[in-house]
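J.: kindly return the folded structure for what I paste below:
(one chain, ligands or ions: 1)
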Amino acid sequence: MSGVRKPPALDLPEGQWALFLDIDGTLLEHASHPNAVFVSEELRGLLGNIEQRLGGALAFITGRSVLAVDRLFQPLKLRAAGLYGLEHRLTPDGPVGVADTPADIAALADAIEAELDDGQVYIERKGPILAIHTRAAPHLLARATDLVERALAQLPQGYRVIPGNAGVELMPLEAVKGGAIRRFMAIPPFAGRRPVFLGDDTSDENGFEAINEARGISVRVKPRGPTAATYALENVAETIAWLETNFEVSRVS
Ligand SMILES: O=P(O)(O)OC[C@H]1O[C@H](O[C@H]2O[C@H](CO)[C@@H](O)[C@H](O)[C@H]2O)[C@H](O)[C@@H](O)[C@@H]1O
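T.: Next up is the predicted model:
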């Protein structure tokens, strides 16, 4: 790893922590296609237990839509910020709020798809966000990135391009994980607690900054270069083990 330390054992009673979790690459091993990831019963059970132990102060902070997250984890439903915070569900059974954001940009996806002319690249249309996945065709990442940069130039101001894990995403500027974390931290049961956030990607860096401002614990999984996170874990397996040790196993408060 890049010299970032392993996270410490947590030293406060569990009622004083708020936990924010990225999904892909942090809780789930990456797969060749977004729909091919595997969610084990053990992971569902672990997250359900932690949610109860923290009195509900657990939320997914993800680039996926909340609907996609629910499909993956069903029947488990948790608080969640989807689409990098453009969507938010503040209680597990509550409605999904949607930010007032620019329009669906699926038409751009069609143009990019036609240019790439390759069945191996998957373009995920997420309303105001496009994710171009090149995991099955790594040689096309540079070309896809170039096309997305060009698409960005055609859009009105207010969008940006973020490198993803084996791909690239085009999204509105309002889509930031730090904003999503701050939103949760302003309301019960999160408010007043010390936040922890685990993530593995460039898009998580902004979340780490929000956590550091709040004097929380920011953890980058599998860091590949500089990171704002204070701590690091090697991989998904180590992440799950750290969560089990610190949030599920009984601790003296
Ligand atoms: O914020 P996250 O929860 O980490 O979500 C980020 C993106 O994850 C998904 O794409 C990534 O995972 C896929 C499954 O392993 C993989 O095939 C793809 O290459 C990765 O980029 C998801 O499909 C995206 O919508 C999320 O934005």
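
J.: centroid residue for the chain?
T.: When C-alpha atoms, centre = their mean is applied to the chain, the residue found nearest the centroid is residue 62 (2.8 Å).

J.: what comes up buried for the worst-scoring helix or strand of the chain on mean pLDDT?
T.: Taking mean pLDDT, DSSP states H and E as the measure, helix 106-116 is the helix or strand of the chain with the lowest mean score, a mean of 88. For helix 106-116, burial by neighbour count (16 or more other C-beta atoms under 10 Å) applies to 108-109, 112-113, 116. Any C-beta I mention is one placed from the backbone N, CA and C, and that applies to glycine too.

J.: any idea how many residues pack against the residue lying closest to residue 216 once chain neighbours are set aside?
T.: Counting by C-beta to C-beta, 6 or more residues apart in numbering, residue 216 lies nearest to residue 195, which is 3.7 Å off, once chain neighbours are set aside. Counted with other C-beta atoms under 10 Å, the burial measure for residue 195 works out to 24 neighbours.

J.: can you list phi and psi of residue 195 for me?
T.: Comment: the main-chain dihedrals of residue 195 come out as phi -90, psi 150, following degrees, to the nearest 10.

J.: that one bridge partners, please.
T.: When bridges are assigned using DSSP bridges, the partners listed for residue 195 are residue 18.

J.: now do the contacts for it.
T.: Shown in contact with residue 195 (C-beta atoms under 8 Å, 6 or more residues apart in numbering): 17-20, 181, 185, 211, 214, 216-217.

J.: can you do 7 Å?
T.: Residue 195 makes contacts with 18, 20, 181, 185, 211, 214, 216, as judged by C-beta atoms under 7 Å, 6 or more residues apart in numbering.

J.: would you turn the residues you listed into JSON lines with neighbour count?
T.: Supplementary listing: the contacts of residue 195 in JSON lines, determined by neighbours: other C-beta atoms under 10 Å:
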{"residue": "18", "neighbour count": "25"}
{"residue": "20", "neighbour count": "29"}
{"residue": "181", "neighbour count": "28"}
{"residue": "185", "neighbour count": "20"}
{"residue": "211", "neighbour count": "30"}
{"residue": "214", "neighbour count": "17"}
{"residue": "216", "neighbour count": "22"}
